[in-house]
Structure formats: C-alpha cells, structure tokens
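Visitor: Quick one, what's the 3D model for this:
(one chain, ligands or ions: 2)
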Amino acid sequence: MMTPSSCCELTVLDLVPFGQHATDRRFFALRLSRPDWEDWTPGQFVMIRPASFGLEKPWGRPLGICLMRPQHLICFFQVVGRGTEQMTRLKPKDKVTVWGPLGNGFAVEPDTPTLLLAGGMGIAPFVGYVAKHPKPWNLTMLFGHREPLECYPVDSINEHIPLDTLRETVPGDLDNFIYTIQERIAEYAAQNGLILACGPQPFLRTVQNLTRESGARVQLSLENKMACGVGGCLGCVVKTTKAWPVKAKRGQPVQCCTQGPVFWADQIVLD
Ligand SMILES: Cc1cc2nc3c(=O)[nH]c(=O)nc-3n(C[C@H](O)[C@H](O)[C@H](O)COP(=O)(O)OP(=O)(O)OC[C@H]3O[C@@H](n4cnc5c(N)ncnc54)[C@H](O)[C@@H]3O)c2cc1C
Ligand code: FES
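Guide: Ligands and ions are numbered 1, 2, ... in the order given. Reported below is the predicted structural model:
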C-alpha cells in the first residue's frame with residue numbers, strides 16, 4: 001500500500017555542492033532530517049519550501065526523492081531560478097517545510113531487464129531506484145548530460161550497475177546520443193524489457209517518439225511546472241490519450257502531480 005503523504009518541518013543537515021571544478025556552483029545535494037514516512041517509491045517527489053522563502057514565494061519547489069535512509073532524506077538539485085538560488089543559502093539547522101511522498105513512482109519488475117534513460121538532473125530519482133531495486137543486476141543506465149560528470153550523483157549509481165554516459169558539448173553529440181537511445185530501445189523492446197526515462201521535456205519527447213513504433217514498454221517521469229503539488233491548482237496538467245485507463249478521462253487533462261509524475265508513455269501527450 002502506498003504511504004500517505006504528509007506535511008512536516010524538517011531540519012537541514014547539510015548542503016553539499018557537486019562539481020567543484022565547474023565555474024559556478026549550481027549543483028547541490030541537500031540532506032534533511034528524516035521525515036516520519038514509513039516508505040516511499042523511487043520516482044515520487046517532495047515539495048520543499050524553506051522558511052526563508054517568506055511571503056515572497058508562497059509555493060514550494062518540487063524535487064525528486066533521491067534517497068531516504070534511517071537518518072536522513074536526500075534531494076539533489078540544480079539552480080535554475082529564484083527558488084533554487086535561494087535554496088543554495090540553506091545552512092545546517094535551518095528549517096524547511098516538506099510535503100511528501102507525492103505522486104506515483106516508477107514500476108519495479110525485479111526479473112525484467114530494465115533500461116534507465118536519464119537526461120541531466122533526471123538522474124536524481126534513479127539513485128534511489130538503483131539503491132532500492134531487489135535485483136540491480138537486471139538494470140543498466142544510459143545518461144546524457146551537458147555539464148561535467150562530477151556535477152551529477154553518478155558514483156552512487158555506477159558502483160551498482162553498468163552506466164554509459166554521453167556528454168553533449170557540440171550539436172553532433174546530441175545526434176549521437178539519440179542514435180544510442182534508439183539502438184538501446186530496440187534492444188530492450190525485443191526482449192520485452194522495461195524502459196524508464198526522466199529528464200527535460202525535449203528529451204522525454206524524443207524517447208516517446210522513438211518508442212512509439214517499437215512497442216517497447218516505457219514510463220516517463222515529467223517535470224511539469226508545479227505550484228501546489230497536491231492536485232488543487234491544475235497548474236501542472238498533461239493531456240491523456242485514448243490508452244488512459246479511466247474511460248471518462250481519455251483525451252482530457254489530468255494533474256501531473258497526483259496522477260504522475262511517472263506515466264506510461266502511450267497514455268499521455270507531450271506538447
Ligand atoms: C516531479 C518533479 C521532480 C523534480 N525533481 C527535480 C530534482 O530532483 N532536481 C532538480 O534540480 N529539479 C527537479 N525538478 C525541477 C525543479 O522543480 C525546478 O527546477 C524548480 O522548481 C525551479 O524553481 P526555481 O524557483 O529555481 O525556478 P523558477 O523558474 O524561478 O520557478 C518559478 C516557478 O516555476 C516552477 N518551476 C520552474 N521550473 C520548473 C520545472 N522544471 N519543474 C517544475 N516546476 C518548475 C517552480 O515550482 C515555481 O513555482 C523537478 C520537477 C518536478 C515536477
Ligand atoms: S501542482 Fe497544483 S494541481 Fe498539480
């Protein structure tokens with residue numbers, strides 16, 4: 001049974017920058033005191049709102065749950081705007097409000113060959129996926145990224161499973177990455193494997209297009225903009241296809257935060 005979500009105040013344990021050699025510090029692991037949830041599923045997320053947001057920013061920011069251990073909860077984030085910029089000023093003992101665990105996680109099929117496709121920060125939920133998987137020898141990962149590899153939490157993944165990385169520095173690298181994804185998808189579709197993808201929308205759209213013809217079983221984790229995170233504001237909706245399981249909702253918008261963020265690729269339309 002899925003752990004019910006709750007809202008709690010957690011304490012910052014530390015904030016560790018990644019990619020020390022990058023020109024500016026934009027990648028961080030945020031370690032918080034452990035919430036009192038019984039369990040969580042990789043692919044689920046939290047809404048985080050530091051006390052320092054004050055009245056200026058009423059909403060939290062959605063971050064994937066990277067890992068939860070007996071003593072702590074870890075999220076990994078990249079600075080992209082005002083909220084994440086402000087989060088870089090968090091210090092040990094600061095308080096943050098956390099809603100979670102939210103949404104649906106990725107499918108886990110222990111005996112099925114499973115391909116993890118990550119683009120950029122889309123790698124974050126796969127840290128937990130690999131750590132919690134009962135048979136990690138059935139997993140492999142393909143990771144495309146723009147920043148140096150040391151900016152991402154790859155160590156905790158490649159110590160458990162084979163990880164192929166491709167860095168995009170010139171336009172030709174992207175073509176190469178797409179070609180590699182296409183080859184891997186064909187390989188996994190042929191053995192009725194499972195494919196899980198997380199990353200920016202253009203990356204997910206490419207994966208969705210490449211898998212449409214192959215008949216592969218694919219789940220996509222969306223990073224739609226979110227405000228409330230709990231289904232109330234309709235700010236995060238995604239349109240469904242005729243494959244959506246609830247007949248009355250086919251072709252209709254559904255909330256990404258409560259019905260996702262993980263969806264079967266054939267059940268949603270990506271703009
Ligand atoms: C389910 C989910 C999981 C995510 N997991 C991670 C993660 O593990 N690590 C990570 O670095 N980022 C993750 N993101 C993206 C992250 O939420 C955004 O980068 C962040 O909200 C940007 O906030 P900002 O204030 O810095 O940017 P601004 O652009 O100033 O934000 C303004 C508003 O837009 C929303 N917003 C902006 N960009 C996004 C976005 N890409 N996705 C969702 N909301 C957005 C914010 O919540 C805020 O309400 C995730 C997004 C979703 C939906
Ligand atoms: S973020 Fe408010 S409904 Fe999804």
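Visitor: okay, CA-based contacts and neighbour counts for the rest of this
Guide: Noted.
Visitor: Tell me which residues of stretch 252-259 come out buried.
Guide: 253-259 (16 or more other Cα atoms under 10 Å).
Visitor: Of the residues you listed, which belong to helices?
Guide: Counting by DSSP state H, those place 256-259 in helices.
Visitor: In the stretch 1-150 of the chain, where is pLDDT below threshold?
Guide: Scanning the stretch 1-150 of the chain for pLDDT under 70 picks out the ranges 1, 20-24.
Visitor: where does it come near ligand 1, residue by residue?
Guide: Taking Cα under 6 Å from any ligand atom as the measure of proximity, the stretch 1-150 of the chain contacts ligand 1 at 45, 61-64, 76-85, 121, 124.
Visitor: Identify each buried residue in the lengthiest strand in the chain, please.
Guide: As far as residue count goes, and with DSSP state E defining each element, the longest strand of the chain is strand 6-18. Of the residues in strand 6-18, those buried under the neighbour-count criterion (16+ other Cα under 10 Å) are 9-15, 17-18.
Visitor: so which pair among these is furthest apart in space?
Guide: Maximum pairwise distance in the buried residues of strand 6-18, criterion Cα to Cα, is 25.3 Å, between Glu9 and Phe18.
Visitor: would you list every one of the helices in the stretch 51-200 of the chain?
Guide: Assigned by DSSP state H, counting those that start in this stretch, the helices in the stretch 51-200 of the chain fall at 82-87, 124-132, 155-158, 171-190.
Visitor: which one of these lies closest to ligand 2?
Guide: With Cα to the nearest ligand atom, the closest approach to ligand 2 among these belongs to helix 82-87: 15.7 Å.
Visitor: Please point out which parts of the closest one sit buried.
Guide: Buried residues in helix 82-87, defined by neighbour count with 16+ other Cα under 10 Å: 83-84, 87.
Visitor: can you check stretch 122-140 too?
Guide: By neighbour count on 16+ other Cα under 10 Å, the buried set for stretch 122-140 is 122-131, 136, 138-140.
Visitor: Turn those into JSON lines, including distance to Phe28.
Guide: Below are the buried residues of stretch 122-140 laid out as JSON lines (distance: Cα to Cα, whole Å):
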{"residue": "Gly122", "distance to Phe28": "14"}
{"residue": "Ile123", "distance to Phe28": "13"}
{"residue": "Ala124", "distance to Phe28": "11"}
{"residue": "Pro125", "distance to Phe28": "14"}
{"residue": "Phe126", "distance to Phe28": "16"}
{"residue": "Val127", "distance to Phe28": "14"}
{"residue": "Gly128", "distance to Phe28": "16"}
{"residue": "Tyr129", "distance to Phe28": "19"}
{"residue": "Val130", "distance to Phe28": "20"}
{"residue": "Ala131", "distance to Phe28": "20"}
{"residue": "Pro136", "distance to Phe28": "26"}
{"residue": "Asn138", "distance to Phe28": "29"}
{"residue": "Leu139", "distance to Phe28": "26"}
{"residue": "Thr140", "distance to Phe28": "25"}
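Visitor: Next, work out how far apart Ile65 and Met141 are.
Guide: Between Ile65 and Met141 the computed distance is 18 Å (Cα to Cα, to the nearest Å).
Visitor: typed the wrong thing, it's Leu90
Guide: 32 Å.
Visitor: who's more crowded, those two?
Guide: When Leu90 and Met141 are compared on other Cα atoms under 10 Å, the one with more neighbours turns out to be Met141, at 23 against 19.
Visitor: What residues are bridge-paired with the more buried one?
Guide: Note on Met141: beta-bridge partners Leu116, Leu163, judged by DSSP bridges.
Visitor: before we move on, what about the one 4 residues further on?
Guide: With DSSP bridges as the criterion, His145 is bridged to Arg167.
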